[in-house]
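*Asks:* Here is my input, please return the structure:
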Amino acid sequence: MGKNVAKRRKALRAAFPYTVPILTGFLFLGMTYGIYMRSLGFSFWYPTVMAVTIFAGSAEFVMGGMLTGPFDPLGAFLMILMINARHLFYGISMLEKYRHLDWKSLYLIYGMCDESFSVNCTAEIPADVDRGWFYFFVTLLNQSYWVAGATLGGLFGTLLRFNTQGLDFVMTAMFVVIFLDQWLKEERHESAILGVAASVICLLIFGPDQFIIPAMVLILLSLTALRGPMERGRAA
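*Replies:* Numbering: from 1, shown residues only. The predicted model follows:
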């Protein structure tokens, strides 16, 4: 029992620093979401429950507006599927990492978000840290930040009066930092350049509201097709 507790504590200590930038972004955006839900007339506990059960920031913002409209479960399903379809690609890429992690894999599948995917996919985990518990705590900490922010926003939403326009850029800035950090760590940048190029091409073709899914498909196909040459180049 003591060894298991020590193992979990070590994994928690290793995971926490990776989530600090996400803590800042999630608290601010979570509070914005809680304030938004209060502005729609919902009780303070709505954003908390939705943050725990849905845990998909964009979807939660959209659902706030849909809850005030006509009852349309099929429309809600299709809307949320379209917004979060990118998680299909996240899940495929994490199959090997999350395999054989007993019950933890169930929570990791449920709790995967953009930020947890980014950390768990790229973090350099120390050799003496259990990978399963590291992934678990990254996911748990990130969801806790979001739930805490949504709860605070729901509790104090009616008391605060300030303009939150542009606050969502916090998460964009965080992903830019993650991208630059990975760029500096890698000796070869083919995959990063390919990802940027595919995103720009799809942005020009499909526009800013529809380019994410086509870009993910194009990146997946391109990396699959070029996997052999890229691995040989790294080996050389």
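*Asks:* quick one, helices of this protein?
*Replies:* Remark: helices assigned in the chain by DSSP state H are 2-39, 45-53, 57-67, 73-83, 86-93, 95-98, 104-111, 114-122, 131-156, 169-185, 190-206, 212-225, 227-235.
*Asks:* I'd like these as a markdown table, with mean pLDDT and mean neighbour count appended.
*Replies:* All C-beta spots, glycine's among them, are computed from the backbone N, C-alpha and C. Output for those, formatted as a markdown table (pLDDT from 0 to 100; neighbours: other CB atoms under 10 Å):
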| stretch | mean pLDDT | mean neighbour count |
| --- | --- | --- |
| helix 2-39 | 89 | 18 |
| helix 45-53 | 93 | 19 |
| helix 57-67 | 81 | 17 |
| helix 73-83 | 78 | 13 |
| helix 86-93 | 81 | 15 |
| helix 95-98 | 88 | 13 |
| helix 104-111 | 93 | 16 |
| helix 114-122 | 89 | 20 |
| helix 131-156 | 94 | 22 |
| helix 169-185 | 69 | 13 |
| helix 190-206 | 88 | 15 |
| helix 212-225 | 80 | 16 |
| helix 227-235 | 71 | 10 |
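*Asks:* Setting the sequence-adjacent residues aside, check what's closest to residue 87.
*Replies:* Among residues not flanking residue 87 along the chain, residue 112 sits closest, at 6.4 Å (CB to CB, 6 or more residues apart in numbering).
*Asks:* give me phi/psi at residue 56?
*Replies:* Per-residue torsions, residue 56: phi -150, psi 100 (degrees, to the nearest 10).
*Asks:* dump the residue contacts of it.
*Replies:* 80, 83-84, 113 (CB atoms under 8 Å, 6 or more residues apart in numbering).
*Asks:* can you redo those residues as JSON lines with distance to residue 43?
*Replies:* Output for the contacts of residue 56, formatted as JSON lines (distance: CB to CB, whole Å):
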{"residue": "80", "distance to residue 43": "22"}
{"residue": "83", "distance to residue 43": "25"}
{"residue": "84", "distance to residue 43": "25"}
{"residue": "113", "distance to residue 43": "25"}
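*Asks:* now, which of those residues sits nearest residue 11?
*Replies:* residue 113 (19.1 Å; CB to CB).
*Asks:* you'd agree the closest one is up against residue 59?
*Replies:* No. Residue 113 is beyond contact range of residue 59, at 10.4 Å (criterion: CB atoms under 8 Å).
*Asks:* Break the chain down into its domains, please.
*Replies:* 2-167, 186-236 (automatic domain parsing).
*Asks:* for the protein, which residue is closest to the average position?
*Replies:* In the chain, the centroid-proximal residue (CA atoms, centre = their mean) is residue 114; its distance is 1.9 Å.
*Asks:* And that residue, how far from residue 83?
*Replies:* 12 Å (CB to CB, to the nearest Å).
*Asks:* now residue 220
*Replies:* Distance from residue 220 to residue 83, by CB to CB: 19 Å.
*Asks:* Quick one: residues contacting residue 66.
*Replies:* Residue 66 touches 72, 75-76, 79, counting by CB under 8 Å, 6+ apart.
*Asks:* Distance of it relative to residue 76?
*Replies:* 5 Å.
*Asks:* Wait, residue 84 touches residue 59, no?
*Replies:* Yes. Between residue 84 and residue 59 there is a contact at 5.9 Å, judged by CB under 8 Å.
*Asks:* chain center to stretch 182-200: distance?
*Replies:* Its chain's average C-alpha position is 19 Å from that of stretch 182-200, according to CA atoms, centre = their mean, to the nearest Å.
*Asks:* which phi and psi does residue 130 have?
*Replies:* Per degrees, to the nearest 10, the backbone of residue 130 is at phi -70, psi 120.
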